[in-house]
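Asker: sequence and predicted structure, then a few things I'm wondering about:
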Amino acid sequence: MKLGIVGLPNVGKSTLFNAITRAGAEAANYPFCTIEPNVGVVTVPDERIKVLHEVYNSKKTVYATIEFYDIAGLVKGASKGEGLGNKFLGHIREVAAIVHVVRCFDDANVVHVDGKINPISDIETINTELILSDMEVLERRIQKTTKNLKGDRSLQKELDLLKRIAEFLGEGKSARAMDLTEEEAEFVKNLELLSYKPVIYAANVSEDDAAAEDNEYIRQVRDFARSEGSDVIVVCAKIEAEMAELEDDEKIMFLEEMGINESGLDKLVKASYKLLDLISFLTAGEPEVRAWTVKRGTKAPGAAGKIHTDFEKGFIRAETIAYDKLMECGGNLATAKEKGLVRSEGKEYIVKDGDVMHFLFNV
């Protein structure tokens with residue numbers, strides 16, 4: 001799972017990236033200090049893995065991971081190449097979703113690229129550049145489809161949809177805010193439009209507003225996000241940076257002292273899984289305990305294929321138990337089997353979050 005962190009220069013992007021990945025990207029108080037995207041791999045916090053490791057005394061534990069790309073600050077004119085914009089837009093094209101960091105704090109010591117704090121203006125600046133880039137893509141696609149229509153009248157439906165999308169974008173709205181049928185949504189997804197990528201808005205606040213998670217700027221961002229069906233998380237990049245230097249038990253105490261329920265990373269991971277409709281199933285034993293990420297709705301053979309393609313090809317069945325049910329038996333699989341809690345699931349079984357699975361296959 002690849003997520004791109006974007007935003008105007010000096011909104012706290014690189015500070016947040018450093019904090020959640022400890023990757024040490026340069027965080028400077030001037031635009032364009034990030035040119036090539038810094039990449040950080042973050043393990044997805046999962047208490048279940050820790051518990052299963054202790055139960056099985058496993059030699060190895062493997063958590064699910066997320067790759068974060070710290071993409072340089074975009075500015076007005078990026079779609080026309082301003083501030084190396086085309087390069088930055090290309091980096092956004094490579095990620096599954098966007099984490100759009102928006103500055104929601106006042107600080108005279110931190111320069112704002114436009115000279116004033118206005119979250120909605122900041123969001124619209126970046127969204128406009130993504131939309132303008134998409135309109136160029138659509139223009140070329142419309143020209144090509146119009147040309148091909150002469151020999152294939154079945155393309156009329158496609159052309160109509162392309163023009164509808166172009167008209168919607170022309171109103172300054174992102175493609176992800178369009179009301180589409182399932183079939184239309186699949187078509188638009190394949191166009192790889194930047195403004196169709198799902199977005200989490202990360203409202204970066206001061207330490208004073210971190211616990212309350214509310215100020216006038218945050219309310220503006222939430223209203224905007226609601227209009228296009230996007231999520232908002234509230235983070236304080238400065239606090240996250242301070243926490244990055246602490247041990248796990250110290251982090252818990254630090255959050256309690258600040259009156260904060262969970263870290264920005266935990267919020268971001270949860271929001272990312274929800275945004276991309278992902279779940280985790282688990283495999284457990286003495287050699288290894290591991291979390292595997294799949295799309296919600298994945299059937300058992302597809303989940304098996306995440307482990308190895310042979311598991312999917314030769315899938316026979318999956319011995320499955322819900323994590324909570326396994327814990328009721330003290331993690332003892334034999335006891336769980338005696339109680340009839342371990343199920344034998346076939347090819348049509350839809351995997352659920354927290355399923356502990358053992359696949360039987362024959363190739």
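Answerer: Alright, I've got the coordinates. Please read all numbers here as calculations on a predicted model, not as lab measurements.

Asker: now do the same for residue 27: its pLDDT.
Answerer: pLDDT for residue 27: 41.

Asker: residue 340 - that's part of a strand, no?
Answerer: No - using DSSP: H, G, I helix; E, B strand; the rest coil, the assignment for residue 340 is coil, not a strand.

Asker: give me the distance between it and residue 52.
Answerer: When C-beta to C-beta, to the nearest Å is applied, the distance between residue 340 and residue 52 equals 21 Å. All C-beta spots, glycine's among them, are computed from the backbone N, C-alpha and C.

Asker: and residue 328, by the same measure?
Answerer: Taking C-beta to C-beta, one finds residue 328 at 14 Å from residue 52.

Asker: contacting residues around the helix or strand hosting residue 52?
Answerer: Using DSSP states H and E, residue 52 maps to helix 47-56. Helix 47-56 has contacts (C-beta atoms under 8 Å, 6 or more residues apart in numbering) with 58, 61-63, 282, 284-286, 289-291, 323, 327, 330-331, 354, 356.

Asker: distance from it to the middle of the chain?
Answerer: 25 Å (C-alpha atoms, centre = their mean, to the nearest Å).

Asker: that helix: what's the following helix or strand?
Answerer: strand 61-62.

Asker: by contact count, what packs against that next one?
Answerer: Contacts defined by 3 or more C-beta pairs under 8 Å, 6 or more residues apart in numbering; DSSP states H and E place strand 61-62 against helix 47-56, strand 289-295.

Asker: now the first one: average pLDDT?
Answerer: Helix 47-56 shows a mean pLDDT of 93 in the predicted model.

Asker: assign a three-state SS to the residue most central in space within the chain, would you?
Answerer: Compute the mean C-alpha point of the chain, and by C-alpha atoms, centre = their mean the closest residue is residue 272, 3.5 Å away. Secondary structure, three-state DSSP: residue 272 is helix.

Asker: ok, now which ones touch it?
Answerer: With C-beta under 8 Å, 6+ apart, residue 272 has these contacts: 1, 3, 66, 97, 99, 200, 278.

Asker: now do residue 329
Answerer: 335-336, 339, 341.

Asker: can you pull the pLDDT of it?
Answerer: 94.

Asker: hey, what's residue 234 bridged with?
Answerer: Applying DSSP bridges to residue 234 gives these bridge partners: residue 203.

Asker: could you measure from it over to residue 342?
Answerer: 42 Å.

Asker: nearest residue to residue 321 other than its sequence neighbours?
Answerer: Leaving aside its sequence neighbours, residue 321 sits nearest to residue 342 (C-beta to C-beta, 6 or more residues apart in numbering; 4.8 Å).

Asker: need phi/psi at that neighbour.
Answerer: phi -90, psi 120 (degrees, to the nearest 10).

Asker: and if you look at residue 355?
Answerer: According to degrees, to the nearest 10, residue 355 has phi -60, psi 130.

Asker: and it, bridged to which residues?
Answerer: residue 322.

Asker: shouldn't it be in contact with residue 324?
Answerer: No - in this structure residue 355 lies outside contact range of residue 324 using C-beta atoms under 8 Å: 10.6 Å.

Asker: just the buried ones from the contacts of helix 47-56?
Answerer: 58, 61, 282, 284, 289-291, 323, 327, 331, 354, 356 (16 or more other C-beta atoms under 10 Å).

Asker: as JSON lines, those with distance to residue 164 would be great.
Answerer: Shown next, in JSON lines, are the buried ones among the contacts of helix 47-56 (distance: C-beta to C-beta, whole Å):
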{"residue": "58", "distance to residue 164": "53"}
{"residue": "61", "distance to residue 164": "49"}
{"residue": "282", "distance to residue 164": "43"}
{"residue": "284", "distance to residue 164": "49"}
{"residue": "289", "distance to residue 164": "49"}
{"residue": "290", "distance to residue 164": "44"}
{"residue": "291", "distance to residue 164": "41"}
{"residue": "323", "distance to residue 164": "45"}
{"residue": "327", "distance to residue 164": "51"}
{"residue": "331", "distance to residue 164": "54"}
{"residue": "354", "distance to residue 164": "41"}
{"residue": "356", "distance to residue 164": "46"}
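
Asker: list just the nearest of the residues you listed to residue 145.
Answerer: Minimum distance to residue 145 across the buried ones among the contacts of helix 47-56 is 42.8 Å, recorded for residue 291 (C-beta to C-beta).

Asker: what is the closest one paired to in the beta sheet?
Answerer: residue 282.

Asker: ok, it - contacts?
Answerer: The contact partners of residue 291, by C-beta under 8 Å, 6+ apart, come to 44, 46, 48-49, 62-64, 280-282.
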